[in-house]
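Engineer: model this:
(2 chains)
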Amino acid sequence: MALNTTILSEPNPPAGAAAGTPRALRLPRSPKVIAGLVILVVFAVVAVIGAWIAPYSPNLTNESWVQHVLVAGTGPGTHIKADYYPLPLPPSGAHWLGTTVFAQDVWSQLLVSTQATVAVGLLAAAISTALSIIVGVTAGYLGGGADEGLSLVGNVFLAIPGLPLLIVLADYVPAAGTSIFLVSLIIAITAWAYSSRVLRAQTLSLRNRDFVEAARVSGEGRVRIIIVEILPNLIPIVAASFLFTTLYAIGAYVAISFLGLAGSPTSSPPGLWNWGYMLRETFANDAVRGGWWWWWAPPGLCIALLGTGLALLNFGIDEFVNPRLRVAGLSRKAARRLGISRRPKLGLTPVVRRNVINVTSAESRTP
Amino acid sequence: MRALLRRLGVYLLAAWVAITVSFLLPRAVPGNPVAGAIARAQSSGICNSFCVKAIEEQLGFNVHTSLWVQYVQYLGNLVHGNLGFSWSENAQVTSLIVSYLPWTLGLLGVATIMSFVVGTLIGVVMAWRRGSWLDWLMPAATFFQAIPYFFLALVLVLIFGETGSLLKWFPSLYGFDIYGVDPGMNLPYIASILGHAVLPALTVILASMGGFILSMRNQMVTTMDEDFVLVARAKGLRTGKVVWYAARNALLPCVSNFSVAISIVVAGQILVEIVFNYPGIGYHLYGALGALDYTLVQGIFVVITLVVLAANLLADVVYVLIDPRARQEA
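Structural biologist: Predicted coordinates:
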């Protein structure tokens, strides 16, 4: 990466900012990254303890948890036997997020659902990232016929639209919804191609660098060169694609659950509670038209919030890889002290030195 | 030209893979559609051996011929535009899909183009005015990018939809007013179609624009530090002209990443159509899944794949047209 930017030094760099492990992925401490991390940590904790702290079982129904409304034209004064329809209860002290038309506790469902949603996102991203490293790095490093073949496979998978393929796969594997691993595997199959292409491109540019050449000349084996010399330099890209794939996987899982392809928690064999299934029930029961916001809004907002957290962290990595993307990289106060306009000028993006040191040291690891 | 032919080869291969997957899956998985159809027939009467044979014939499954013969027959049918028979709609899958496609393509085309154009323009301005209040658009765009399409659709229905509870500005069910107007070339029908397309299109635009904004902004920021932009500035060109030079170059990676974007938008639109009962391909896919109509599901899968591949090819052609380097290599 050519860093032909004006380098400014901050007057008082934080102690130990430039020293320390040079290759580790050190994220810029911007509000965006911190916000992203906080969001992710909160959801991770809820995913682990959610099922414990849920006040009720998500499947538990209780007749007293809905309001029974008399159907017009039935009951006393008519010839027809009294008939009632259920109305969910709005939030209260007993039910923090109210109840569903099935007389279930929404807060409990939301807590329990976090686990499967987060787990599928992470596991699918892990499988997909592993696949994309194996295919992308191998293709980029080996080149020639192997590259042609593997790239072709990747391009074919990239061209086939993901969700429709996912729908067809999930439709024919009805057991998929009962197992976190099966769902993750199916999602990973449709998700790996993009990261693989990015990793291949980056490996291509690393392949002929001096330090790789040196390792090759000194007689290191292919596998060792890939693992020891090339992979560490791909860490920021692998991390970014992991986050991107997690985001995609959560979206895909929610989508197939919404379509009813990931099983129902109350059928046999039981599917997993997740935010997509909660949205499916609200949609099937016209919760929006009914004005039962406490039922349909929380799962959607959780998905959006978790996705935002992942994307914010991804910004941090992008800005680590490419410091120009940072918003001037200076706090307003520091900029004023240095007498610099925060509005960047053409070709002159102010970049704080400690980030530049990180990036260059990660790159010029020439033995 | 060579690069384009290569891409065309990839797409043909992708189409073949999709077609083969949709052929093999129902035959590889236990409890195949034939068993389902036989069970359905038996629930309404006795299904004897003739009936079983008729069902196999109708679904294109003949367990007494080899898989290879079935495959050749399947491909042959496909070439003739025969995707099988849908039992839930009681019609040829091909004619059904032909009636769904205009809705989907119209909505998808208009929404994607508007989203791409507006999103890219916002991305350029954001990169140019970096450090100003416009930076607040970044978290907003991120948030919109992370919202599932169908959830955004539900929110828009609530706020603007006639079936929602707040403003009731736009119709939020079906592709046109099915009770009030006659389909055909008449003004009320066309006006009704346009009115009913507002909310679905708005959903797709809002949900997909975030991605276009962010990728263009990042490309633009990187491009603005290139030497040629500095030179253009140093020559004393007008600001507008300099931005135009930078934007043209920043646009190239965005166009070449279009295949990923279109795949995501198509996925989103399938779900949006379901929320709005919009009579396109996604809404009917939902119905076919519910009715366990595998023939229709597969037909729709194959056609969606072909549409996406065609969109990819179009993006490649545009790329060659706007990038002189791609033309040189060709």
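Engineer: residue contacts, the closest residue to residue A:278 other than its chain neighbours?
Structural biologist: Distance criterion C-beta to C-beta, 6 or more residues apart in numbering or on different chains; nearest residue to residue A:278, sequence neighbours excluded, is residue A:299 at 4.2 Å. Every C-beta, even on glycine, is put in place using the N, C-alpha and C of the backbone. By C-beta atoms under 8 Å, 6 or more residues apart in numbering or on different chains, the contact list for residue A:299 reads A:110, A:113, A:275-276, A:278-279, A:282.
Engineer: also residue A:66?
Structural biologist: Contacts of residue A:66 (C-beta under 8 Å, 6+ apart): A:86-89, A:99, A:101, A:103.
Engineer: which of those has the most neighbours?
Structural biologist: Counting neighbours by other C-beta atoms under 10 Å in any protein chain shown, residue A:99 comes out on top of the contacts of residue A:66 with 31 neighbours.
Engineer: and the residue of chain A nearest chain B?
Structural biologist: Residue of chain A nearest chain B, by C-beta to the nearest C-beta: residue A:307 (2.6 Å).
Engineer: doesn't residue B:145 make contact with that residue?
Structural biologist: Yes: between residue A:307 and residue B:145 there is a contact under C-beta atoms under 8 Å: 7.4 Å.
Engineer: who has more neighbours out of these two?
Structural biologist: Neighbours per residue, other C-beta under 10 Å: of residue A:307 and residue B:145, the larger number sits with residue A:307, 25 against 21.
Engineer: follow-up on the earlier one: among the contacts of residue A:66, which ones are in strands?
Structural biologist: Those of those mapping onto strands are A:86-88, per DSSP state E.
Engineer: state the pLDDT value of residue 112.
Structural biologist: In the absence of a named chain, this looks at chain A. For residue A:112, the pLDDT comes out at 89.
Engineer: that's the wrong chain, I wanted chain B
Structural biologist: On the pLDDT scale, residue B:112 gets 89.
Engineer: among the contacts of residue A:299, which lie within helices?
Structural biologist: Mapping the contacts of residue A:299 onto helices (DSSP state H) picks out A:110, A:113, A:275-276, A:278-279, A:282.
Engineer: shaky segments in the chain?
Structural biologist: Unless you meant another one, I'm taking chain A. A:1-28, A:268, A:326-367 (pLDDT under 70).
Engineer: let's do chain B instead
Structural biologist: For chain B, counting by pLDDT under 70, the residues that fall below are B:29-33, B:58, B:60-64, B:328-330.
Engineer: residues contacting the residue of chain A closest to chain B?
Structural biologist: Counting by C-beta under 8 Å, 6+ apart, residue A:307 touches A:247, A:250-251, B:145-147.
Engineer: for those residues, name the two members farthest from one another.
Structural biologist: Pairwise distances across those peak at 12.7 Å for A:250 and B:145 (criterion: C-beta to C-beta).
Engineer: the residue of the stretch 101-250 of chain B found nearest chain A: neighbouring residues, count only.
Structural biologist: Nearest to chain A in the stretch 101-250 of chain B, going by C-beta to the nearest C-beta, is residue B:146, at a distance of 2.6 Å. Neighbour count of residue B:146, defined by other C-beta under 10 Å: 22.
Engineer: check the one 3 residues further on too.
Structural biologist: The criterion is other C-beta under 10 Å. On that basis, residue B:149 has 26 neighbouring residues.
Engineer: now do the SS call for residue 273.
Structural biologist: Chain wasn't specified; assuming chain A. Per DSSP: H, G, I helix; E, B strand; the rest coil, the local secondary structure of residue A:273 is coil.
Engineer: so what's the residue count around it?
Structural biologist: 27.
Engineer: with residue A:210 instead?
Structural biologist: Burial of residue A:210 is recorded as 11 neighbouring residues (other C-beta under 10 Å).
Engineer: how near is it to residue A:229?
Structural biologist: Residue A:210 sits at a distance of 11 Å from residue A:229 (criterion: C-beta to C-beta, to the nearest Å).
Engineer: would you map the helices across chain A?
Structural biologist: With helices called from DSSP H, chain A shows them at A:31-53, A:106-142, A:144-159, A:162-172, A:180-189, A:192-207, A:210-217, A:222-224, A:231-258, A:275-284, A:287-290, A:293-321, A:332-338, A:353-363.
Engineer: could you pull out the helices for chain B?
Structural biologist: B:2-28, B:33-43, B:49-59, B:67-79, B:93-128, B:137-146, B:149-160, B:187-224, B:227-234, B:239-256, B:258-276, B:281-290, B:294-322, B:324-329.
Engineer: which residue is nearest the centroid of chain B?
Structural biologist: residue B:266 (2.4 Å; C-alpha atoms, centre = their mean).
Engineer: can I assume that residue is in contact with residue A:161?
Structural biologist: Yes: if you go by C-beta under 8 Å, residue B:266 and residue A:161 touch, sitting 5.2 Å apart.
Engineer: ok so, going back, and the residue nearest to residue A:278, how far is that from residue B:72?
Structural biologist: On the measure of C-beta to C-beta, residue A:299 and residue B:72 end up 47 Å apart.
Engineer: now swap in residue A:63 and tell me
Structural biologist: Going from residue A:63 to residue B:72 by C-beta to C-beta gives 60 Å.
Engineer: higher neighbour count, these two?
Structural biologist: Neighbour count, other C-beta under 10 Å: between residue A:63 and residue B:72, residue B:72 has more, with 12 against 8.
Engineer: write out the residues of the stretch 101-250 of chain A neighbouring chain B.
Structural biologist: By the rule C-beta under 8 Å from any C-beta of the partner chain, the part of the stretch 101-250 of chain A lying against chain B is A:152, A:155-165, A:167-169, A:171-173, A:194, A:247.
Engineer: distance between the ends of stretch A:80-91?
Structural biologist: Here the two ends of stretch A:80-91 are set 33 Å apart, with distance taken as C-alpha to C-alpha, to the nearest Å.
Engineer: cool, stretch B:250-269 as well?
Structural biologist: OK, stretch B:250-269 end separation, C-alpha to C-alpha: 27 Å.
Engineer: for that stretch, which positions count as buried?
Structural biologist: B:250-255, B:257-269 (16 or more other C-beta atoms under 10 Å in any protein chain shown).
Engineer: of these, list those near chain A.
Structural biologist: Within these, those near chain A by C-beta under 8 Å from any C-beta are B:259-260, B:262-264, B:266-267.
Engineer: just give me the closest of those residues to chain A.
Structural biologist: When these are compared against chain A (criterion: C-beta to the nearest C-beta), the nearest one is residue B:267, at 3.3 Å.
Engineer: hmm, the closest one is touching residue A:160, no?
Structural biologist: No: at 11.7 Å, residue B:267 does not count as touching residue A:160 under the criterion of C-beta under 8 Å.
Engineer: residue contacts, the residue nearest to residue A:257 when sequence neighbours are not counted?
Structural biologist: Leaving aside its chain neighbours, residue A:257 sits nearest to residue A:276 (3.0 Å; criterion: C-beta to C-beta, 6+ apart). By C-beta under 8 Å, 6+ apart, the contact set of residue A:276 is A:117, A:253-258, A:262, A:299.
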